[in-house]
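Peer 1: Sequence and predicted structure, then a few things I'm wondering about:
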Amino acid sequence: MSRRPAAFVDTEAIADQDGRNWLSYGLDYREQRFSPLRHINRDTVSRLGLAWYFDLDYARGLEGTPIAVDGVLYFTGNWSVVYAVDARDGSLLWKYDPEVPKAWGKMACCDVVNRGVAVYEGKVFVGTLDARLVALDAATGQVRWSVQTADIAEFPYTITGAPRAARGKVFIGNGGAEYGVRGFVSAYDTDSGDLVWRFYTVPGNPAEGFENAAMERAAATWTGEWWRYGGGGTVWDSIVYDPELNQLYIGVGNGSPWNRHIRSPQGGDNLYLSSIIALNPDTGDYLWHYQETPAESWDYTATQQIMLADMEIGGELRKVIWHAPKNGFFFVLDRRDGGLLSAEPYARVNWANRYDMNSGRPVENPGVDYRQEPAMILPSGVGAHNWQPMAHHPGTGLVYIPAMDAMMGYAQAQDYVHHWGHWNTGVAGMSAPVDNDLLVRALARNMTSGKLLAWNPQLQRAAWEVPRRVLWNGGVLATAGDLVFQGTGDGFVVANDAASGDELWTFATQEGVIGSPVSYSVDGKQYLSILVGWGGGAPLALGSGARAEPEHGRLLTFRLDASGELPPLEALEPMRQPPPRSSVDSALTQRGEQLYGQYCIMCHGHGAVSDGVVPDLRNLPAVFYDNFDAIVLDGLMEKAGMVGFRDVLTEADSRAIKAYLLDEANDEWERLQQPAWWLGLQMSFYDLLARVAAWVSS
C-alpha cells in the first residue's frame, strides 16, 4: 500500500480510468458501470471461484458499491459503518463506526442502509443515517472533519446515498420525504468541510422569502400551504458530475406527502418534484430542469441512476442522459439543456399512455387519479426500477436494467393528519383482495416479478430479458469480457452473456443480494467484489417469511481458479407456540390490522411476516407480549432501534395491535400443525390460483 493511499484520486483521475481501480460510485463520472477488464470473460467465467469473504458487523440490507483504489476496498455496511480491507485477501485495514443512535433507524424509510463512500485526494467521505457528512483519512480511518448537513433536532432527515466528489467539492443530498422534510443538495469543501453552496429542490414558506429565482418560479406551481407538509423532493440517490459540460445533475424525489391533492390542493406541477435538475457545480446555480412526472402522486421518484452517454440522433452525435426512473419510461435527454429526445415505456405502465414530444409532458390515463376512486397503478410505488444501478456495454450498445413489475393500490386518505417523524403518504392502505394469508402471499409471488432487462436506447426497445425469481434484486456490472453480473434476491451472483442473456455462471451466496458488483485488478489478476445482505425497503415491507441466513452481511470477492467456500448455515429454529389469542372481537383485530399497516408494516412486513432481518412479530418470546405497551408505546427497546410510539398511539391502539399480532401468530401456528402433505397441497393450489390471476391481469 502506498504511503498516502488514494492521494492521487482527483477529478481527472476519476474521469480517466483504465479499469485497474474503481474510483467512484459508477466507476467514473459517466456512471455507466462498464469495466474494461477482460480476463474474466465468456470463455473463462466457468473457472470463477470465491477468493475470500469478509463478515460485516450487522445482518441487514447491504446496498453499497465498494470503491477499489490501489489494492484497497472502501465500502459501507449497515448503520453507516465504513470498512477498508486489503483487496487481495480481505484482511481488515481499518473500520470507522459513526455510532448512529439506533433510535434514528425509525426515520429511515427503507432500512438502515448505505450505498457507499466517495474517495478523493486521500480522504474517504461517508454520509451517515443521522445526516452527517464525515471525511476520513484514507490511510487510517481517522476523522478529518465532520459536519451536520441537516437540522435533525427539528426534522427527520437521513442520508443513505453515496456522496460524489469533483472540483474540490463533495456533494450530498438526503432522505426523509415520507416523514415530512424539504429536500436539498449541498456542496462542501473537501479539505475544510465548509459549506460552499446549497440548492433546495422545492420552495419553502413564501412568507420567509425565496432563496433564488428558481425557487420563486417553482412556488408558482404549488398551491395551499405545502410547506407545512415539508414538500419532499429529497435528493436521496443520484448525483452526477459532467466534466465535459461542467454541470452537476441531481435526481429529485417524490412529494411529501405522496398525494398531490393534500400537499397542493388546487393543483399545479409541483416543481421540482420528480425532476432531473442541472446545476453549476461551482456555485449551485440553477441551469435547467426536466420534470418526468408532473404533479407526482405515486412515489415516482427521479432519483434513479443518471447515466451520461454520447448518442447519434438524426446523424448528429448528441451528449445525452439515459434515465430509467420509477415511472416506467426510459428517457433520453439532451444534457446541454434538458430537452426531451425520447421517452418510451421499458416496463408495464398504466398511469400514462405516452409522452407528448411537443410539450414534453406525459399523457395521463383516465382513472389514475385516486382522489375519488381507488386505483390499481402500474408501476407500483417500488417502481419499475429503483436505486439498484443499471450498466451499459459499449460493445452491445445495451443498457442492462434491474427492472421490476408490480401493481399497487392507491386510495385517498380520509381525515389526513400530518405527523412529524412518521410515514405521511396521504394514501390509504387498500385491503387485501381475499381474507386468506396463503393466497395473498401466492398472489404477491406470482403477480410481482423482477428481471434483468437488456434495453436498446437507440431503438428504445428491449433486446432480451432474463426473469429473476423475486422482485427485489441487486445492481448490475457490465465488463469487456462480454459479461453482465448481478446479485439476485433469492441468493445468487449470476453472470449472463452480454449479447444474448444466456446464463453462464452462478454462485450461491446463502442470502439475498441487493448490492452492486465491481471489478478491479491487483497484481495483474482481475477480481469481482459484491456486498451480500438481504433487506432494503421492499423486503422489509413485503416480508418473505422465515429463512436461514448468515449472522452477518458479507463482502464476497471472486477471481479465476479460486476455490473458497462459505461456512455452512445453521438450521432455522422452528416457530415457538404463541400465547393464546387476546381477543375474539373481530372489530378490535381489524382496528389493530389498520394501525399495524399505518405504523408497523414498513419494518415488520405485510401480514406481520418479517423478511428475516427484523423480528417476526408472530414469533416472539412471551415476555415481549407481556411488555407490549412498554415496548410499543414507551420505547423499552429504543437502544435496539425500536422506539416508542406514544406520540401517535394510545393504550387502546396498542391493545388492538397486540390482538392482531396474536391472531396472526396463532393462525400461523395452527397452520404449521397440519400435515406437511396437506400444507404442500394448499400451497400448490393457491399458487395455481395466483398464476391464473397473473395471466388474467397481463
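Peer 2: Good, I have the coordinates.

Peer 1: Can you give me every residue that contacts the closest residue to Gly644 other than its chain neighbours?
Peer 2: Beyond its immediate neighbours in the sequence, the residue positioned closest to Gly644 (Cβ to Cβ, 6 or more residues apart in numbering) is Gly635, lying 3.1 Å away. No exception for glycine: its C-beta is placed from N, CA and C like everyone else's. With contacts defined as Cβ atoms under 8 Å, 6 or more residues apart in numbering, the neighbours of Gly635 are 103, 642-644, 646.

Peer 1: Could you look up the SS state of His261?
Peer 2: The assignment at His261 comes out as helix when based on DSSP: H, G, I helix; E, B strand; the rest coil.

Peer 1: which residues sit in contact with it?
Peer 2: Contact analysis of His261 by Cβ under 8 Å, 6+ apart lists 297, 371, 412, 426.

Peer 1: would you list every one of the helices in the protein?
Peer 2: Using DSSP state H, the helices of the chain run over residues 11-15, 213-219, 260-263, 437-447, 537-542, 586-599, 601-604, 622-626, 628-632, 651-672, 676-697.

Peer 1: tell me the domain ranges of this structure?
Peer 2: 11-407+448-560, 586-697 (automatic domain parsing).

Peer 1: So what sits opposite Ala84 in the bridge?
Peer 2: Each beta-bridge partner of Ala84 is listed here: Tyr74, Trp94, as defined by DSSP bridges.

Peer 1: isn't it right next to Val124, touching?
Peer 2: Yes - look at Ala84 against Val124 with Cβ atoms under 8 Å: they come within range, at 7.5 Å.

Peer 1: quick one, which of these two is more surrounded?
Peer 2: Comparing Ala84 with Val124 by neighbour count (other Cβ atoms under 10 Å), the higher total belongs to Val124, at 30 against 26.

Peer 1: contacting residues around that one?
Peer 2: Under the criterion of Cβ under 8 Å, 6+ apart, the neighbours of Val124 are 6, 74, 82, 84, 117-118, 135-138, 141.

Peer 1: And Ala541, by the same measure?
Peer 2: When contacts are taken as Cβ under 8 Å, 6+ apart, Ala541 is in contact with 601-602, 605-606.

Peer 1: Check Pro550 too.
Peer 2: 55, 59, 510-511, 566, 569.

Peer 1: What's the local residue count around Val493?
Peer 2: Burial of Val493, expressed as a neighbour count using other Cβ under 10 Å, amounts to 24.

Peer 1: oh, I was asking about Glu565
Peer 2: Burial of Glu565 is recorded as 8 neighbouring residues (other Cβ under 10 Å).

Peer 1: Can I get the buried part of the contacts of His261 as one ChimeraX selection?
Peer 2: Listed next is the ChimeraX selection for buried residues among the contacts of His261, using 16 or more other Cβ atoms under 10 Å:
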select :297,412,426
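
Peer 1: As a markdown table, the contacts of His261 with pLDDT and distance to Gly535 would be great.
Peer 2: Putting the contacts of His261 into a markdown table (pLDDT from 0 to 100; distance: Cβ to Cβ, whole Å) gives the following:
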| residue | pLDDT | distance to Gly535 |
| --- | --- | --- |
| Ser297 | 96 | 27 |
| Arg371 | 91 | 34 |
| Gln412 | 90 | 31 |
| Gly426 | 88 | 26 |
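
Peer 1: contacting residues for the residue nearest to Leu308 when sequence neighbours are not counted?
Peer 2: Excluding its sequence neighbours, the residue lying closest to Leu308 (Cβ to Cβ, 6+ apart) is Arg30, at 4.4 Å. Arg30 makes contact with 307-309 under the criterion Cβ under 8 Å, 6+ apart.

Peer 1: about what we covered before: quickly, which of the helices of the chain bottoms out on average pLDDT?
Peer 2: Within the helices of the chain, the stretch with the lowest mean pLDDT is helix 437-447, showing a mean of 64.

Peer 1: What separation is there between Glu664 and Ala652?
Peer 2: 19 Å (Cβ to Cβ, to the nearest Å).

Peer 1: more neighbours, the two?
Peer 2: For the pair Glu664 and Ala652, the greater number of neighbours falls to Glu664 (23 against 10), based on other Cβ under 10 Å.

Peer 1: where's that one relative to Thr221, distance?
Peer 2: Distance, Glu664 to Thr221, by Cβ to Cβ: 44 Å.

Peer 1: May I see the buried residues of stretch 657-669?
Peer 2: Under 16+ other Cβ under 10 Å, the buried positions of stretch 657-669 are 657-668.

Peer 1: since we're on Phe155, how many residues are nearby?
Peer 2: Burial measure for Phe155: 18 neighbouring residues, criterion other Cβ under 10 Å.

Peer 1: Nearest residue to it in space, ignoring adjacent ones along the chain?
Peer 2: Using Cβ to Cβ, 6+ apart and skipping residues adjacent in sequence, the residue nearest Phe155 is Val181, 4.9 Å away.

Peer 1: shouldn't that neighbour be in contact with Val235?
Peer 2: No - proximity of Val181 to Val235 does not meet the contact threshold set by Cβ under 8 Å, at 11.3 Å.

Peer 1: list residues touching both of these two?
Peer 2: Shared contacts of Val181 and Val235, defined by Cβ under 8 Å, 6+ apart, comprise Asn174.

Peer 1: Name all residues that make contact with Trp534.
Peer 2: 61, 489, 511-514, 549, 611-613.

Peer 1: pLDDT at the closest residue to Ile276 other than its chain neighbours, what is it?
Peer 2: The shortest distance from Ile276 to any residue that is not its chain neighbour, by Cβ to Cβ, 6+ apart, is 5.3 Å, and that residue is Tyr290. Reading off the per-residue confidence, Tyr290 sits at a pLDDT of 98.

Peer 1: contacting residues for the closest residue to Val81 other than its chain neighbours?
Peer 2: Using Cβ to Cβ, 6+ apart and skipping the chain neighbours, the partner closest in space to Val81 is Asp97 (5.0 Å). With contact taken as Cβ under 8 Å, 6+ apart, Asp97 is in contact with 57, 79, 81.

Peer 1: Thought Ala59 was touching Val613, still the case?
Peer 2: Yes - look at Val613 against Ala59 with Cβ under 8 Å: they come within range, at 6.5 Å.

Peer 1: Compare those two and say which is more crowded by neighbours.
Peer 2: Counted by other Cβ under 10 Å, Val613 and Ala59 do not tie: Val613 has more neighbours, with 27 against 20.

Peer 1: So which helix or strand of the chain has the lowest pLDDT on average?
Peer 2: Lowest by mean pLDDT, DSSP states H and E among the helices and strands of the chain is helix 437-447, with a mean of 64.

Peer 1: Looks like Asn259 contacts Trp298 (just checking).
Peer 2: No - contact between Asn259 and Trp298 fails when scored by Cβ under 8 Å: they sit 9.5 Å apart.

Peer 1: okay, and the common contacts of these two?
Peer 2: Residues touching both Asn259 and Trp298 (Cβ under 8 Å, 6+ apart): none.

Peer 1: wait, what's in contact with Arg164?
Peer 2: Neighbour list for Arg164: 24-25, 118, 170-171, 239-241 [criterion: Cβ under 8 Å, 6+ apart].

Peer 1: Go again with 7 Å.
Peer 2: Applying Cβ atoms under 7 Å, 6 or more residues apart in numbering, we find Arg164 in contact with 24-25, 118, 171, 239-241.

Peer 1: do the same with Asp242
Peer 2: Neighbour list for Asp242: 29, 249, 308, 335 [criterion: Cβ under 7 Å, 6+ apart].

Peer 1: Format the contacts of Arg30 as TSV; extra columns: pLDDT, distance to His418 and neighbour count.
Peer 2: What follows is those, written out as TSV (pLDDT from 0 to 100; distance: Cβ to Cβ, whole Å; neighbours: other Cβ atoms under 10 Å):
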residue	pLDDT	distance to His418	neighbour count
Met307	98	36	23
Leu308	98	38	24
Ala309	98	41	18
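
Peer 1: Give me the subset of the residues you listed lying in strands.
Peer 2: Judged by DSSP state E, the subset of the contacts of Arg30 located in strands is 307-309.

Peer 1: Which member of the residues you listed is positioned nearest Pro578?
Peer 2: Taking Cβ to Cβ as the measure, Pro578 lies nearest Met307 of the ones in strands among the contacts of Arg30, at 49.0 Å.
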